[in-house]
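Colleague: The sequence isn't on hand, but the structure is:
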């Protein structure tokens, strides 16, 4: 029963949404602009297509006046980044399943441990002898 519910949960997480478009968090253009004159360095992120991944489309508002824009943009490094949230979800489900299985195994061992450990006959015999010696000395 638990296995069936686990399969159902994993199946729901793995089924892609009905939308054909990617989520806005899955793609981005990241521009890293170093300090320029009296302007401090800054990192800009925008959700734009790969062909529009450049300083002119991502850096908004432009921190320099019109005649310095080209020089400022030449210093900026823009990269298009794409990630798969489905893969991330699958890895998280696998990780949580392993941790849950280990916790269940630990609980099982804690319950079974007293049943498995039987008193050793030799140590029990020594314990009884010590009690007898204590009783004789009184």
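Modeller: Happy to help now that I have it. Quantities reported herein were computed from a predicted structural model and do not represent experimental measurements.
Colleague: Just say helix, strand or coil for the nearest residue to residue 44 once chain neighbours are set aside.
Modeller: Once flanking residues are discounted, residue 44 sits nearest to residue 31: 4.5 Å by Cβ to Cβ, 6 or more residues apart in numbering. Glycine gets a C-beta too; all of them are placed from N, C-alpha and C. With DSSP: H, G, I helix; E, B strand; the rest coil as the basis, residue 31 sits in strand.
Colleague: so residue 31 touches residue 78, yeah?
Modeller: Yes: between residue 31 and residue 78 there is a contact under Cβ atoms under 8 Å: 4.2 Å.
Colleague: which residues are in contact with both of those two?
Modeller: 54, 55, 58 (Cβ atoms under 8 Å, 6 or more residues apart in numbering).
Colleague: residues touching the first one, list them.
Modeller: Right, the one you point to is residue 54. Applying Cβ under 8 Å, 6+ apart, the residues near residue 54 are 29, 31, 73, 78.
Colleague: tally of neighbours for the residue nearest to residue 44?
Modeller: For residue 31, the neighbour count with other Cβ atoms under 10 Å is 21.
Colleague: Please report the confidence value the model assigns to it.
Modeller: pLDDT, residue 31: 96.
Colleague: quick one: it from residue 71, how far?
Modeller: Remark: distance between residue 31 and residue 71 (Cβ to Cβ, to the nearest Å) = 15 Å.
Colleague: Looking at the shared contacts of residue 31 and residue 78, which are in strands?
Modeller: Among the shared contacts of residue 31 and residue 78, none falls in strands (DSSP state E).
Colleague: ok, now which ones touch residue 52?
Modeller: 29, 58.
Colleague: For it, report the pLDDT, please.
Modeller: For residue 52, pLDDT reads 93.
Colleague: shaky segments in the chain?
Modeller: 1-25, 119-138 (pLDDT under 70).
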